[in-house]
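Enquirer: Build me a structure from this.
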Amino acid sequence: MQSTPMLDLTTLVPAAAPVPAAPVTDRGIDRRTFLGATAATVAGGALLAGSGRALAQGAQGAQGAQGGNYGGASSSIAQTHAGKLRGLYNGKAHVFKGIQYGAPATGENRFMPPKKPRPWSGVRDAIQLGNQTPQLTAVMLAEEVVSLDNSPFSEDCLYLNVWTPALDGRARPVMVWFHGGGFTNGSGGDVRYDGSNLAHNHDVVVVTVNERLNAFGFLYLGQLGGERYADSGNAGLLDLVASLQWVHDNIHEFGGDPGNVTIFGQSGGGGKVSTLMAVPAAKGLFHRAICESGLNMRGIQPDQATAMTRKVMDALDIQPNQVDKLEHVPVDDMLAALSWMSTQAPGGAGGLLPFGPVVDHRTLSRDPWDPDAPAESAQVPMLFGSTLTEGTFMLTTPRDPINDREFHQRVQNGLGFGVGRLSATQADQLIALYRRDYPHDSNTRLFQIMTGDNWMIPNVAAVGERKAAQNAAPAYVYHWEWITPVEGGRLGAPHTIEIPFAFDNLDVATADLITGTGQDRFAMADKTSRVWTAFARTGNPNVDGLPQWTPYSATHRAVMIFNNECRLEVDPHAAEREAMTRLHERHA
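Expert: Below is the predicted model of the structure:
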């Protein structure tokens, strides 16, 4: 069974195009007409409704204005191997944005492993976020859209950002964040990923990263194009390795310890973290791993990846023996082709395009976590888990009341994530199981919990068991059950809810749209950020004020429940975990 794509489980539209009033459902639409109209819209620079994101090419936006107005903030100078950088001190942290860690992946560099950037003389400003990779944009939970990065799209996108308490040569723990969005969209510039508070309040160095995504980072051409393109299916993964190499080579100048690096991420970011744990080239470049609501169990096999590539080439009217032509396809045309493909997927517009790491036997020689834990990261402690109602992130998950009949139909038809349609008897049994353990919850809340469990719990349990079986480094598992008061509690604890708490970012713009404004959120942020940074510092998440947290194993399934009152439980809701695991095994 193919691993579940992370995060991008929503309607996809062409980058920078207006959100359509209704999905495209006419499968008979002419491809050339669609591609031409889409490319024209993208090239026209229209805004994505609700996000204010514009499409632009070139790298000029990534560097900032040399010698510009700093608005009264004091500047900071740091030396890297490529040259000097000028950042800003914002009163909490020294901030360096848009640091180039790889050369532009354009022309003959498209689909190739990343190259180092050219050195420069003088001092380069690092005060503005770097470009994002070209991508389709997800129409997602409204509370999330407003925090998105609005930097330009460009193939010159290999940039990272650094927040540090001081440029003093000390050896602080380093926390490198890989953003969500599956392997298809997103960036490290989301407002909620700002590292100022985490750096200032917990004395760590924070790094966020942009890398190539979708067809620009994971279009596998090895079978069709030969040796020259052998690494194309994992170019985006190699970008992440290059970013970690940059951290190893340069982070000491920013007050960080290259010998104590934690990689962490949420959703697709957790998928990236868990995949890097199986990548030999990344071994030794990180020392702890945190996966929030995202684990990539399996890679894409070369034959599957090649079939996907053929579809892309067909959408572009390029023959399988003309791989070199792909290097010269304009970005707008590539995005239009991907948008066209999304309309042809089951369900019409919004169908998933399954890009991701390929088991190419070069960068990735095996499925990351199947059938066992990867040996490359045996000595790396892990912290990972999920939230109570992951599925409320999806617009298709109900928030309003549903009756018994609709509840039953939704369970039969809507669990998804590799399980497929259930029989009436299976649905009855599953509903009865959840009603027994959650006797006071409504049909709507039960369905929200069931979809979240189905999405995450089998993988969380499997990774915990397999990591523990190595008997080399501990696995710590959590379950986030704090309910946001937003919409009167109807959202529950959705996918992404823990991000502002882990970053200690309740004061950044838009955070309250997902966390609400209650006073209890401050205690939650304090607990969560202290746990995350304690783990980054030592590999042990135990902190004052929380119960003793013991590692997870198949015989001792210890789970820390994050709520206003945190508690450690052993195998909570075991019957539900076993039922969901059986369903996944049955449909594998």
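Enquirer: all contacts plus neighbour counts: C-alpha atoms, from now on.
Expert: OK.
Enquirer: now residue 554: how far from residue 576?
Expert: Here residue 554 is placed at a distance of 16 Å from residue 576 (C-alpha to C-alpha, to the nearest Å).
Enquirer: Compare neighbour counts for these two and give me the winner.
Expert: When neighbours are counted by other C-alpha atoms under 10 Å, residue 576 comes out ahead of the other of residue 554 and residue 576, with 19 against 15.
Enquirer: thought that one was touching residue 434?
Expert: Yes. Residue 576 lies in contact with residue 434 (C-alpha atoms under 8 Å); the separation is 7.1 Å.
Enquirer: Can you pull out the residues in contact with the host helix or strand of residue 99?
Expert: Under the criterion of DSSP states H and E, residue 99 resides in strand 94-100. By C-alpha atoms under 8 Å, 6 or more residues apart in numbering, the residues outside strand 94-100 that reach it are 62-63, 76, 85-89, 117, 126-131, 158-167, 196.
Enquirer: Can you name the element that comes right after it?
Expert: Next along the chain after strand 94-100, taking DSSP H and E as the criterion, comes strand 123-125.
Enquirer: can you give me the mean pLDDT across that next one?
Expert: For strand 123-125, mean pLDDT is 97.
Enquirer: who's in contact with the residue nearest the centre of the chain?
Expert: The centre of the chain sits closest to residue 180, judged by C-alpha atoms, centre = their mean, with a distance of 1.9 Å. By C-alpha under 8 Å, 6+ apart, residue 180 lies in contact with 6, 7, 186, 187, 265, 266, 267, 268, 269, 270.
Enquirer: Residue 321 too?
Expert: Counting by C-alpha under 8 Å, 6+ apart, residue 321 has contacts 224, 225.
Enquirer: residue boundaries of the helices in the stretch 451-588 of the chain?
Expert: Assigned by DSSP state H, counting those that start in this stretch, the stretch 451-588 of the chain shows helices spanning 499-502, 512-515, 520-538, 574-586.
Enquirer: what helix or strand does residue 151 sit in?
Expert: Short version, using DSSP H and E: residue 151 is in no helix or strand.
Enquirer: Ramachandran angles for it?
Expert: In terms of degrees, to the nearest 10, the main-chain angles of residue 151 are phi -70, psi 160.
Enquirer: ditto for the one 4 residues further on
Expert: The main-chain torsion angles of residue 155 are listed as degrees, to the nearest 10 and equal phi -70, psi -10.
Enquirer: Quick one: the helices of the stretch 451-588 of the chain as JSON lines, columns for mean pLDDT too.
Expert: Listed next are the helices of the stretch 451-588 of the chain as JSON lines, based on pLDDT from 0 to 100:
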{"stretch": "helix 499-502", "mean pLDDT": "97"}
{"stretch": "helix 512-515", "mean pLDDT": "90"}
{"stretch": "helix 520-538", "mean pLDDT": "97"}
{"stretch": "helix 574-586", "mean pLDDT": "91"}
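Enquirer: Pick the most deeply packed of those helices.
Expert: helix 499-502 (a mean of 23; mean count of other C-alpha atoms under 10 Å).
Enquirer: Give me the contact list for it.
Expert: 192, 193, 266, 506, 511, 515, 524, 525, 526, 528, 529, 532.
Enquirer: Quick one: residues contacting the residue lying closest to the second one once chain neighbours are set aside.
Expert: Okay, so that is residue 193. Counting by C-alpha to C-alpha, 6 or more residues apart in numbering, residue 193 lies nearest to residue 503, which is 6.9 Å off, once chain neighbours are set aside. By C-alpha under 8 Å, 6+ apart, the contact set of residue 503 is 192, 193, 194, 195, 197, 198, 525, 529.
Enquirer: just residue 255 next, same as before
Expert: Residues near residue 255 by C-alpha under 8 Å, 6+ apart: 164, 165, 166, 167, 168, 169, 170, 171, 172, 205.
Enquirer: List phi and psi for the last one.
Expert: Read it as residue 205. Main-chain torsions, residue 205, degrees, to the nearest 10: phi -100, psi 130.
Enquirer: Go ahead and confirm it touches residue 172.
Expert: Yes. Using C-alpha under 8 Å, residue 205 makes contact with residue 172 at a distance of 6.5 Å.
Enquirer: what do these two both touch?
Expert: Residues touching both residue 205 and residue 172 (C-alpha under 8 Å, 6+ apart): 255, 256.
Enquirer: shaky segments in the stretch 351-500 of the chain?
Expert: The stretch 351-500 of the chain contains residues with pLDDT under 70 at 351-352, 414, 416-419.
Enquirer: what do you get if the cut-off is 90, keeping everything else the same?
Expert: Residues of the stretch 351-500 of the chain meeting the criterion pLDDT under 90: 351-354, 394-396, 413-423.
Enquirer: in it, which spans are strands?
Expert: 382-387, 475-480 (DSSP state E, counting those that start in this stretch).
Enquirer: Let's have those strands in TSV, adding mean neighbour count.
Expert: Below are the strands of the stretch 351-500 of the chain laid out as TSV (neighbours: other C-alpha atoms under 10 Å):
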stretch	mean neighbour count
strand 382-387	27
strand 475-480	24
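Enquirer: would JSON lines of these with distance to residue 250 be doable?
Expert: Listed next are the strands of the stretch 351-500 of the chain as JSON lines, based on distance: least, C-alpha to C-alpha, whole Å:
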{"stretch": "strand 382-387", "distance to residue 250": "25"}
{"stretch": "strand 475-480", "distance to residue 250": "29"}
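Enquirer: closest one to residue 581 among those strands?
Expert: Nearest to residue 581 among the strands of the stretch 351-500 of the chain is strand 382-387 (15.3 Å), distances taken as C-alpha to C-alpha.
Enquirer: care to break the protein down by domain?
Expert: Domain segmentation of the chain under automatic domain parsing yields 11-42+72-377, 382-586.
Enquirer: quick one on the thing from earlier: could you give the mean pLDDT of the strand holding residue 99?
Expert: Strand 94-100 comes out at a mean pLDDT of 98.
Enquirer: Distance from it to the middle of the chain?
Expert: 20 Å (C-alpha atoms, centre = their mean, to the nearest Å).
Enquirer: next SSE after the strand or helix carrying residue 76?
Expert: In this structure, residue 76 sits in strand 74-79 according to DSSP H and E. Downstream of strand 74-79, the next assigned helix or strand under DSSP H and E is strand 84-89.
Enquirer: can you list contacts of that next one?
Expert: Contacts for strand 84-89 (C-alpha under 8 Å, 6+ apart): 70, 73-79, 94-97, 120-127.
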